[in-house]
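J.: need a structure here:
(2 chains)
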Number of protein chains: 2
Amino acid sequence: MDVERTPIWIMRQAGRYLPEYRAVRAKSDFLTMCKTPELAAEVTIQPVDLVGVDAAILFSDILVIPEAMGMHLEMNEGKGPVFPNPIRTIDDAKKLKDIDPAKELKYVLDAVALTKKNLNNRVPLIGFSGSPWTLLTYMVEGKGSKNFSEVKKLIYNNPDLAHAILDKLANTIADYLSAKIEAGCNAVQIFDTWGGILSQKDFEEFSLQYVEKIISQIKRKDEPVIFFAKGVHYNLSKLASIGADVLGLDWTMDLGKVRKEVGDKVALQGNLDPTVLYANKNYIKEAVIDVLTSFGKGNGHVFNLGHGVLPDIDPENVKALVQFVKKESVSFHRGDAEIN
Amino acid sequence: MDVERTPIWIMRQAGRYLPEYRAVRAKSDFLTMCKTPELAAEVTIQPVDLVGVDAAILFSDILVIPEAMGMHLEMNEGKGPVFPNPIRTIDDAKKLKDIDPAKELKYVLDAVALTKKNLNNRVPLIGFSGSPWTLLTYMVEGKGSKNFSEVKKLIYNNPDLAHAILDKLANTIADYLSAKIEAGCNAVQIFDTWGGILSQKDFEEFSLQYVEKIISQIKRKDEPVIFFAKGVHYNLSKLASIGADVLGLDWTMDLGKVRKEVGDKVALQGNLDPTVLYANKNYIKEAVIDVLTSFGKGNGHVFNLGHGVLPDIDPENVKALVQFVKKESVSFHRGDAEIN
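T.: Numbering: from 1, shown residues only, chains lettered A, B, ... in the order given. As a prediction, the model looks like this:
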C-alpha cells in the first residue's frame, strides 16, 4: 500500500514532558496509573490530541510482568524502578509464578479496551512488552546498573538457569501480547533495551532466539510486530529475519545503509537522536529532513526517535517535530521509490 | 615484523581488582596517587609483575587535563568524579586556562620518567589521554550522566562554543601526549569513552576531526597511537584513516569483520567482554580462543578487553586470561597469515 507521507509516533510519547501528563501523575503514583484503566487510557490518548502523533501507545511499564510473577516492585521517584529481592539463585527463580496475563494482568487488557473505545478509531493503538533478556536484566540486577555484572555472572556461570527463566518469560510475553491484540491492540512492540550490552554471540543466545520464539507464538491476524533492540548494530539482516514486520533503530544507525542491507523484508522505525529536541525548531527541521533523506524515497519508514522522549523536553518542540515529519515527508512519497 | 604470539595488555590493569593496588590506595586518595610519581609508578608496574601483561599503562586519570585548566575536580568514593562547577556558558569557558603540560602536568611526566627507570625496559610504557569530546562531556555534564543532556544542548544550541573548547582541548592533548612521549612513553592511547552517544554525523563533527587533529600534531618518531572509541560501530574504514596505528574495539564488534573492512591500514586491539572474567577459567579460555579465531591468523592484533577490567574481578582470572592469550595465540602466528 502506498502512503502519502511517513507516519510518526514517539517512544514514551505518553510521558512527563507533557504538563497534562504531570497533572494526572501528581494525583497518583506511577504503578497506580498503570493499574487504573481510566488513568492509563487518559494519558495514552493525551499525545494523540496534544501532539498529533499517528498512533497511541498504551501507557504501561515493562516491569508489570515480573511484578505479576510475584516480584515486589518499587517505583522510586527519580531513582528508577527497584526490585528489592532480585533473582540470583534457582530458589529465587522457583518463586516466580506461572501467570495467565488474562487474569494477573487483566488491568492492562481493560486499559486497552477502554483506550480503544475512547480513541474511537482515530489512530491505531500499539501495545508493548520488554524482551525476555531486558526483563531478566532488571529482575537479576534489581536496579539500575552500569556494568550489568549480576546478569552477566548468571549467563556465564549458570546458563541453564538463565535459559529456564528466559523461556518462561518468552511464553508469558507471547501470551501477554496475544491478549493485548485480542483486547484491541493494532500492533505490538517488543523492546530490547539491554540487548546492546551483550557480545554478538551472547545476544543471539540470550536475547534474539527468545524474541523469535515470542513472535512465532503471538496469536494475530495482520497486526504488525515491531522489534527494537537498542544498541544492537550488527547482523541486521538476521534481526530482519525473525518474523518482525518492523525493525526499530537507535540514532547511531544509518537508516539508508540498514535499508540496503535488509531490503523490503521489514519496515524501519526511527531514528532521530532524542536530544535533538533540545535544539531550536530550525535545527529540528533540518534533522528531520536528514532522517527522511537517509531512509530515502518510498514506503517502509515509520518516523520515531531513536529512544524515548526525555522528560525535560519542551512539548512545543515535540509538536513541531510531528508537524515537520507530516509536511516534509510528503515529497518522499511522490514519484518513484528508490526501493520497492 | 612477525611476532610469535599476540601481545596483551588490559584497560585499567592498574586498578582496584588488585589487592596490591588497594593497599596503596588505602593510604592515599586517588588524585594524590596520580600526582605522586612514586605512587603512580608503583601501581603502574604492579600488573606487569603480578599479572604478566606485555605493556605497562601509566596510572593516571583523563580528568587531570581539565583540572590543570582550572576546573575544581572532586573524586568521590564510589560516585565517580565530579566537577562542581561545570562549563555551561562562554564565561565558564573563558575561565579555562591555557596550559603547558610540561609545567602544569609535570607530575605526569615525572611519573613517566620514574616508571621507565623502574621498568628497566622490561615492557613498553603506554600513556593515555581522553579525547576532546570525552573530556568536554565530563566538563559540561559535571558528573555521571544518563542522557548527556547538557553537552548535547551545548552542541546543538551553541556549536561555536563547543568547537572552540574542543579545539583548545585538542591542542592541549597533542602537547600533553607529545610531552609524554618525550618523557619516555613508547605508545599513546586516546580514549573516546563517549563517542558512542553521538549520531554518526555528530561524531564526525564533534569528536573524530579533533582526534585526527591531535594525531597530526603529536611529536613522535615510531611511537604508535592507539585510538579507542567505545560504542562507535560505524565507518570503521574512516576511523582507520585518521592516522592512528591501532584501533581499539569494544566487545560488541566482530574483530574479523572489522579486519576485513580496514585491511592492514591499522592493527586492531580488543575485544573480550570484561564481564567474561566473572566466568570460570574454562569459559575464559574458550572466550579467548573465540576472540583469537575471530581476528584470524597473522599479525596486527593486540589482545585487550573491550573496556576496563572491573573492580570486583578475581585477579586469578586476570592472570589466567593473560596466560591463555600467551599460550593459545601462538598457533595463530604460525604458517601463512590470512591477511598480510
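J.: in the stretch 1-150 of chain A, which spans are strands?
T.: Remark: strands assigned in the stretch 1-150 of chain A by DSSP state E, counting those that start in this stretch are A:56-57, A:74-76, A:80-82, A:125-130.
J.: how far away is A:D110 from chain B?
T.: According to Cβ to the nearest Cβ, to the nearest Å, A:D110 and chain B sit 33 Å apart. C-beta coordinates here come from the backbone N, C-alpha and C atoms, glycine included.
J.: swap in A:L255?
T.: For A:L255, the distance to chain B equals 10 Å [Cβ to the nearest Cβ].
J.: cool, A:I87 as well?
T.: The gap separating A:I87 from chain B is 16 Å, by Cβ to the nearest Cβ.
J.: how many neighbours does that residue have?
T.: Number of residues near A:I87 (other Cβ atoms under 10 Å in any protein chain shown) recorded here: 27.
J.: contacts only, for it.
T.: A:M71, A:A93, A:L96, A:L136, A:M139, A:V140, A:I165 (Cβ atoms under 8 Å, 6 or more residues apart in numbering or on different chains).
J.: got the contact list for the second one?
T.: The contact partners of A:A93, by Cβ under 8 Å, 6+ apart, come to A:I87, A:L161, A:A164, A:I165.
J.: between the residues you listed, which is closest to A:I289?
T.: For the contacts of A:A93, the minimum distance to A:I289 (Cβ to Cβ) is 44.5 Å, reached by A:I165.
J.: list the buried residues in the helix or strand the closest one falls within.
T.: Using DSSP states H and E, A:I165 sits in helix A:159-183. By 16 or more other Cβ atoms under 10 Å in any protein chain shown, the buried positions in helix A:159-183 come out as A:159, A:161-163, A:165-166, A:168-181, A:183.
J.: next SSE after it?
T.: Note on helix A:159-183: by DSSP H and E, the next helix or strand toward the C-terminus is strand A:187-192.
J.: what about that next one, average pLDDT?
T.: For strand A:187-192, mean pLDDT is 98.
J.: what is the mean pLDDT for the helix or strand following it?
T.: Of the helices and strands lying after strand A:187-192 in sequence (DSSP H and E), the nearest is helix A:200-203. What helix A:200-203 shows for mean pLDDT is 98.
J.: check stretch A:150-163 too.
T.: 98.
J.: ok, residues contacting that stretch?
T.: The contact list for stretch A:150-163 (Cβ under 8 Å, 6+ apart) reads A:86, A:88, A:90, A:93, A:136-137, A:140-142, A:145, A:202, A:206, B:273, B:275-276, B:278-280, B:283.
J.: next one: that stretch to chain centre, how far?
T.: Counting by Cα atoms, centre = their mean, to the nearest Å, stretch A:150-163 is centred 25 Å from the centre of its parent chain.
J.: and the stretch 1-150 of chain A, which of its residues are near chain B?
T.: Contacts of the stretch 1-150 of chain A with chain B, taken as Cβ under 8 Å from any Cβ of the partner chain, map to A:N147, A:F148, A:S149.
J.: for the last one, give its distance to B:D314.
T.: When Cβ to Cβ, to the nearest Å is the yardstick, A:S149 and B:D314 sit 13 Å from each other.
J.: higher neighbour count, the two?
T.: For A:S149 and B:D314, the more surrounded residue by other Cβ under 10 Å is A:S149, and the numbers stand at 18 against 12.
J.: for the more buried one, what are its contacts?
T.: Residues near A:S149 by Cβ under 8 Å, 6+ apart: B:T275, B:Y278, B:L310, B:D312.
J.: next, the angle strand A:187-192 makes with the helix holding A:I165.
T.: 160 degrees (axes from the mean of the first three to the mean of the last three Cα atoms, to 10 degrees).
J.: how many neighbouring residues does A:K97 have?
T.: A:K97: 12 surrounding residues under other Cβ under 10 Å.
J.: what parts of the stretch 201-340 of chain A come near chain B?
T.: So the stretch 201-340 of chain A meets chain B at A:201-202, A:231, A:233-234, A:251-254, A:273-276, A:278-280, A:283, A:290, A:310, A:312 (Cβ under 8 Å from any Cβ).
J.: what residues does the closest residue to A:M33 other than its chain neighbours make contact with?
T.: The shortest distance from A:M33 to any non-neighbouring residue, by Cβ to Cβ, 6 or more residues apart in numbering or on different chains, is to A:L39 (4.6 Å). Listed by Cβ under 8 Å, 6+ apart, the contact partners of A:L39 are A:V24, A:S28, A:T32, A:M33.
J.: gap between the first one and A:A183?
T.: By that I understand A:V24. 22 Å.
J.: give me the helices and strands touching the helix or strand containing A:Y210, please.
T.: According to DSSP H and E, A:Y210 maps onto helix A:209-217. On a contact count with 3 or more Cβ pairs under 8 Å, 6 or more residues apart in numbering or on different chains; DSSP states H and E, helix A:209-217 meets helix A:132-141, helix A:159-183, strand A:187-192, strand A:225-229.
J.: packing partners of the first one?
T.: Read it as helix A:132-141. Judged by 3+ Cβ pairs under 8 Å, 6+ apart, helix A:132-141 is in contact with helix A:64-68, helix A:149-157, helix A:159-183, strand A:187-192, helix A:209-217.
J.: and the angle for it with strand A:187-192?
T.: Interaxial angle, helix A:132-141 versus strand A:187-192 (the same axes, to 10 degrees): 50 degrees.
J.: quick one: stretch A:84-100 to chain centroid distance?
T.: How far stretch A:84-100 lies from its chain's middle: 24 Å, per Cα atoms, centre = their mean.
J.: mean confidence for it?
T.: 96.
J.: list the buried residues for it?
T.: A:P86, A:I87, A:R88, A:D92, A:A93, A:L96, A:I99.
J.: narrow those residues to those in helices?
T.: The helices, defined by DSSP state H, take in A:D92, A:A93 from the buried residues of stretch A:84-100.
J.: quick check, nearest of the buried residues of stretch A:84-100 to chain B?
T.: A:R88 (13.1 Å; Cβ to the nearest Cβ).
J.: give the contact list for the closest one.
T.: So A:R88 contacts A:V140, A:E150, A:L154 (Cβ under 8 Å, 6+ apart).
J.: what does A:I126 give?
T.: Per Cβ under 8 Å, 6+ apart, neighbours of A:I126: A:W9, A:A55, A:A56, A:I57, A:L58, A:C185, A:N186, A:A187, A:V188, A:Q189, A:I226.
J.: one more time with 10 Å
T.: A:I126 is in contact with A:9, A:44, A:55-58, A:180, A:185-189, A:223-224, A:226, counting by Cβ atoms under 10 Å, 6 or more residues apart in numbering or on different chains.
J.: ditto for A:K106
T.: Neighbours of A:K106 in contact, by Cβ under 10 Å, 6+ apart: A:K35, A:P37, A:A68, A:D100, A:A179, A:A183.
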